[in-house]
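In: take this sequence and fold it.
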Amino acid sequence: MSRARRFRLQVFRIAVFVVMGLFFLVPIGSMFEFSTRGNSATAPRNLDAWLNIVKTPELSEAIIASLELAVITTLAMLVLVLPTMVWVRLRFSGLSRVIEFICLIPLTVPAIALVVGMVPIYRWININVNDSILTLAFAYLILVLPYSYRALDAGLSAIDLKTLSEAARSLGAGWATVMLRVVMPNMSTAILNASLLSVALVLGEYTFANLLAYENLQVAIAYVGLVDAGTSIAVAVASLMFAFVLLLILSYLGRRQAPFAPAAAADYDLAQTVGLSGGVIGRAGR
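Out: Predicted structure coming up:
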């Protein structure tokens, strides 16, 4: 590549980076500016709206509830979807399309229709089991299925799952060991991607919580916005920054996954990974 062409490409990359950065940062900066305004045109700027986030009990409770829902939903998704996908790929490969179809169904059904269908179920749960907002995790698990499935499917497609599992099993590993010490380390980036998508969806969900009469983060922001727009904007900016930090963490962890060449991967021994004597496994599936 000539020096002139390389220079033009570099300029193009910088221009795209600047434009996209402005596209995201200008609205966020405007929101922050609005949240620091005083009560009148001549009042000095302050951080009262940000302090109200921790001073308002309802808002703090909604934030904590949403974070708890995000953790529960993400863990439930990983426990349910990942072992199912691994088992289907190893034992019932003909059912892969069926599992994919089932996981993608929530994309085709409007959220309002899902809520209407779940109202009788949640009425029974509230009366006979518990009326905690954490029961929304069941509904959120359905919502995150399409996105988590795609992320995990990409990770499974990038490794030689059958070879890795058969090698571990031949060394005496149980299925739990195969999952925890062979499969999951080799697709850690895909798991992080699926987890990030789940957390982002749960923190941004409004329809289910509002129509099922629960108060999560987005519902609380809507209610607070009716009486204090500055505080609602401050919470929105904080949630965006939280998602942005999660994305940075994901990118950092993904870069730490050093690539393994096939020749180097062949030198790794699976024995110690599955708990037997021997060497150490690398991320041989990569």
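
In: was I right to think residue 188 contacts residue 253?
Out: Yes: contact criterion C-beta atoms under 8 Å: residue 188 and residue 253 qualify, at 7.4 Å. Yep, even glycine has a C-beta here, placed from its N, CA and C like the rest.

In: how near is the most centrally placed residue in the chain to residue 77?
Out: The C-alpha lying nearest the average C-alpha coordinate of the chain belongs to residue 196 (C-alpha atoms, centre = their mean; 2.1 Å). In this view, residue 196 and residue 77 are 12 Å apart by C-beta to C-beta, to the nearest Å.

In: give me the element residue 70 is part of.
Out: Per DSSP states H and E, residue 70 falls inside helix 57-91.

In: quick one: mean pLDDT for that helix?
Out: Averaging pLDDT along helix 57-91 yields 90.

In: name the residues of that helix that are buried.
Out: Neighbour-count burial for helix 57-91, counted by 16 or more other C-beta atoms under 10 Å, picks out 59, 62-63, 65-70, 72-74, 76-78, 81-82, 84-86, 88-90.

In: I'd like the next helix or strand past it.
Out: Where DSSP H and E defines the elements, the next helix or strand beyond helix 57-91 is helix 96-108.

In: any buried residues in that next one, and which?
Out: For helix 96-108, a neighbour-count test (16+ other C-beta under 10 Å) marks 99, 103, 106 as buried.

In: and it, what does it pack onto?
Out: Counting by 3 or more C-beta pairs under 8 Å, 6 or more residues apart in numbering; DSSP states H and E, the packing neighbours recorded for helix 96-108 are helix 57-91, helix 136-157.

In: give me the more crowded residue out of residue 188 and residue 253.
Out: Neighbour count, other C-beta atoms under 10 Å: between residue 188 and residue 253, residue 188 has more, with 15 against 12.

In: now do the same contact list for residue 72.
Out: Residue 72 makes contact with 134, 137 under the criterion C-beta atoms under 8 Å, 6 or more residues apart in numbering.

In: quick one: average pLDDT of the helix or strand containing residue 234?
Out: According to DSSP H and E, residue 234 maps onto helix 229-256. Averaging pLDDT along helix 229-256 gives 80.

In: and this protein, what are its domain boundaries?
Out: Using automatic domain parsing, the domain ranges for the chain come out as 1-35, 47-260.

In: what pLDDT does the closest residue to residue 43 other than its chain neighbours get?
Out: Leaving aside its chain neighbours, residue 43 sits nearest to residue 37 (7.6 Å; criterion: C-beta to C-beta, 6 or more residues apart in numbering). Predicted confidence (pLDDT) for residue 37: 83.

In: what about residue 37, how many neighbours?
Out: By the criterion of other C-beta under 10 Å, residue 37 has 17 neighbours.

In: got the contact list for it?
Out: Applying C-beta under 8 Å, 6+ apart, one finds that residue 37 lies in contact with 43, 45, 230.

In: for it, helix, strand, or coil?
Out: For residue 37, the assignment made with DSSP: H, G, I helix; E, B strand; the rest coil gives coil.

In: the stretch 151-286 of the chain: helices as residue ranges?
Out: 161-170, 175-178, 184-186, 188-204, 207-211, 217-227, 229-256, 262-266 (DSSP state H, counting those that start in this stretch).
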